[in-house]
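> Dropping a prediction and its sequence here:
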Amino acid sequence: GLHFDIPMAEQEEIFDRYNSDRKVIDGVTNLLEEIHSLGIRAAVISNNAMSGEGLQLAIDRWIPENKMEFCLTSADILLTKPDKSIFLCAANYAHVNPENCWYCGDGKIPDVDGAKNAGMTPVLLDTESSLPFEMRTEVGRGEYLTVNSWIVLKDYIKKL
């Protein structure tokens with residue numbers, strides 16, 4: 001029976017603002033600027049409990065110049081990464097083939113495995129890696145790109 005004067009997505013963003021310890025990872029703003037300047041589209045797929053609309057509001061507050069096309073969260077479709085369906089849903093929403101997508105994340109199981117199972121190219125952010133850039137191959141996981149910072153990925157993309 002509670003009623004609020006502000007939309008649910010704004011309520012989510014306010015709750016997140018005061019109950020989350022998230023912060024912008026070094027280099028992500030530069031990466032987003034570079035991919036945008038190259039005409040590369042960007043979106044978010046997240047296991048966040050917020051709606052995509054609420055997460056977009058939070059990202060817009062953290063990185064006002066982000067230019068994300070959309071955010072898709074587990075709360076939107078009731079599936080979590082690594083289920084390939086959330087990745088396929090995002091590709092479908094963007095009207096692109098999964099094979100033409102890169103998915104960048106910081107978790108092997110949710111991000112690398114999920115993207116790979118959906119047919120996307122996975123990129124793992126491994127800040128603990130001593131190598132700035134590495135192609136890794138693992139039994140049962142296959143090949144994927146690893147970078148130790150978003151700046152390394154930005155520079156790699158710029159060279160392509």
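Received, thanks.

> Bridged to Tyr144, which residues?
Residues in a beta bridge with Tyr144, per DSSP bridges, are Arg136.

> who are the neighbours in contact with it?
Contact analysis of Tyr144 by C-beta atoms under 8 Å, 6 or more residues apart in numbering lists Val112, Lys116, Thr121, Pro122, Val123, Leu124, Met135, Arg136. Using the backbone N, CA and C atoms, a C-beta is placed for each residue, glycine as well.

> how about the helices in the protein?
Taking DSSP state H as the test, the helices found in the chain are 8-19, 28-37, 52-62, 74-77, 84-94, 114-117, 150-159.

> per-residue pLDDT, the residue nearest the centre of the chain?
Nearest to the geometric centre of the chain sits Val44, at 4.0 Å (C-alpha atoms, centre = their mean). Val44 is assigned 98 on the pLDDT scale.

> what's the answer for Asp155, then?
Value for Asp155, per-residue pLDDT: 95.

> now swap in the one 5 residues further on and tell me
Taken from the predicted model, the pLDDT recorded for Leu160 is 86.

> separation between it and Pro64?
27 Å (C-beta to C-beta, to the nearest Å).
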